[in-house]
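Visitor: structure for this input, please:
(one chain, ligands or ions: 1)
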Amino acid sequence: MGRLDDKICLITGAARGQGAAEAELFAAEGGTVWLADVLDAEGETTASRVGGTYRHLDVADEAGWQQLVDEILNRDGQIDVLVNNAGIFRSNRMLDTPLNEFDLVMNINCKGVFLGMRTVAGPMREAGSGSIVNISSLAGMQGAAGAFAYGTSKWAVRGMTKTAAVELARRGIRVNSIHPGLIATEMADQLPGGVERMQRGIPLGRSATADEVARLALFLASDESSYSTGSEFIVDGGLNAV
Ligand code: NAP
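Guide: Now for the predicted structure:
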């Protein structure tokens with residue numbers, strides 16, 4: 001028996017990195033997996049590898065969300081899990097952050113999460129159950145010097161998670177956030193100062209694989225986390241404890 005048997009799951013930013021690892025694990029645990037991204041060729045390849053369905057979705061596109069969720073409901077009848085994973089990273093200190101960079105990061109990392117939660121909450125409410133997992137960051141737990149817009153967006157994800165969790169709890173919908181530290185994906189290669197330098201400060205002494213985050217997302221997506229909502233789950237090799 002799989003841990004996500006009979007669950008219909010949608011994962012954004014699933015063409016590669018953590019989203020792809022989540023798609024693979026969720027499918028292996030019996031979930032029906034929909035993968036969304038803007039990287040269409042990579043998304044199609046990942047979907048056929050894991051046995052899921054790929055669709056193009058820019059998470060900042062309100063109409064795109066509705067269209068995709070309608071398609072999921074038409075084909076599969078319900079939506080049980082949403083992982084709001086898509087995100088972009090930009091490195092600039094606050095004084096050097098151009099307005100268009102701030103707007104872009106907030107549009108994808110913050111508005112994208114809001115639109116996702118709002119779109120799936122309707123059908124989840126009707127079903128009386130659902131789990132939403134929002135991927136924030138350790139940058140949403142601490143000051144993120146050198147990545148002002150990114151850090152701001154990830155604190156917003158943390159805040160939205162708590163408010164939505166309280167608003168939706170009586171409807172049977174759980175909402176939690178994951179706060180990864182340094183995860184070995186293409187995004188980590190963009191970190192100022194490089195991965196090598198950052199790894200040295202991590203108590204466990206290394207970055208995580210995408211699968212190490214996916215296993216936490218699986219717990220939150222499944223009924224095993226039935227009493228967790230509005231909570232922050234850190235997966236960072238001890239970095240936040242320093
Ligand atoms: P990744 O490999 O860059 O994957 C992110 C995926 O999201 C990419 O395929 C990306 O495509 C896609 N995406 C970007 N904008 C999108 C949009 N508007 N609509 C739909 N998809 C979009 O990075 P990752 O490490 O797996 O990141 C996953 C999540 O973890 C992100 O929210 C990130 O902020 C968070 N996180 C990562 C780390 C880390 O160390 N890697 C640490 C903490 C938190 P493009 O190539 O077009 O951008």
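
Visitor: ok, then the element right after the top strand by length along the chain?
Guide: When the chain is parsed with DSSP state E, its longest strand is strand 173-180. For strand 173-180, the succeeding helix or strand toward the C-terminus, using DSSP states H and E, is helix 194-200.

Visitor: could you check that next one and say which residues are buried?
Guide: Neighbour-count burial for helix 194-200 flags 198-199 (criterion: 16 or more other Cβ atoms under 10 Å). Any C-beta I mention is one placed from the backbone N, CA and C, and that applies to glycine too.

Visitor: relative to residue 57, how far out is residue 68?
Guide: 5 Å (Cβ to Cβ, to the nearest Å).

Visitor: between the two, which contacts overlap?
Guide: Residues touching both residue 68 and residue 57 (Cβ atoms under 8 Å, 6 or more residues apart in numbering): residue 36.

Visitor: which of these two has more neighbours?
Guide: Using other Cβ atoms under 10 Å, the more surrounded residue of residue 68 and residue 57 is residue 57, with 26 against 22.

Visitor: from residue 89, how far off is the more buried one?
Guide: From residue 57 to residue 89 the distance is 19 Å (Cβ to Cβ).

Visitor: next one: residue 184
Guide: 14 Å.

Visitor: comparing these two, which residue is more hemmed in?
Guide: Applying other Cβ under 10 Å to residue 184 and residue 89 shows that residue 89 carries more neighbours, namely 20 against 17.

Visitor: residue contacts, the more buried one?
Guide: Residue 89 neighbours (Cβ under 8 Å, 6+ apart): 147, 150, 187, 190-191.
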